[in-house]
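Asks: Provided below are the primary sequence and the corresponding predicted coordinates.
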Amino acid sequence: MLETYELEIIKIQNGLDVFGIAELWGKTKEIAQRISLIIACSCSSDVIQPEHLRWAIKYCSKHFLMTTERVKTVVSNSDFEGICKEVLNIVQASGIQGATNRELYKKSGLVRSLDTKGFDAVMVVLQESHGIEFAAINHKGAGRPRMAWVSPEIIME
């Protein structure tokens, strides 16, 4: 059971690398083990039963997931937040036409300083926290639709 949980933790940490917060999950397995020991002691058990460990793993996973989501969306007073705000302002100012990736790079020095992984992290946070979407924008004339980031207010119209 612990080996499976450890593999799950590694998957989660790999997904959090782009946000720079993978370390949050570093001691999760050990915390679950300690909680299961506390549960076993409170049940007057001499050994940790599988149900104690199962409950502790669920408890840790739930609370670490909640903490992770909160950290991803509420990190404040950081360079990352500044980039997110600048990108959001550009997307909102672009209105119905939206802002393509190229336009974001062109209009923002902060965005130009990011690598692909950092840019993707910014866009994921903005999708989760502000609801922006990468959508096909139809235009007059022939050709394929323009793919651009648009804010939810524009999508609703």
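Replies: On my side now, so go ahead. Residues are numbered from 1 along each chain as shown.
Asks: okay, CA-based contacts and neighbour counts for the rest of this
Replies: OK.
Asks: please enumerate the strands of this protein.
Replies: Counting by DSSP state E, the chain has strands at residues 133-137, 146-150.
Asks: kindly export the first one (C-alpha atoms) in PDB.
Replies: When you say that, I think you mean strand 133-137. Listed next in PDB are the C-alpha coordinates belonging to strand 133-137 (Å, rounded to 0.1, in the frame of the first residue of the first chain):
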ATOM      1  CA  GLU A 133      -9.400  29.700 -22.400                       C
ATOM      2  CA  PHE A 134      -7.400  29.000 -25.500                       C
ATOM      3  CA  ALA A 135     -10.100  29.200 -28.100                       C
ATOM      4  CA  ALA A 136     -10.600  29.300 -31.900                       C
ATOM      5  CA  ILE A 137     -11.600  32.800 -32.900                       C
END
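Asks: quick one: strands adjacent to that strand?
Replies: Sheet pairing of strand 133-137 (DSSP bridges) gives strand 146-150 (antiparallel).
Asks: which parts of stretch 28-36 are buried?
Replies: 28-29, 32-33, 35-36 (16 or more other Cα atoms under 10 Å).
Asks: and stretch 122-130, by the same measure?
Replies: For stretch 122-130, a neighbour-count test (16+ other Cα under 10 Å) marks 122-127 as buried.
Asks: got CSV for those residues, with distance to R146 too?
Replies: Formatted as CSV, the buried residues of stretch 122-130 follow (distance: Cα to Cα, whole Å):
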residue, distance to R146
V122, 21
M123, 18
V124, 20
V125, 22
L126, 20
Q127, 19
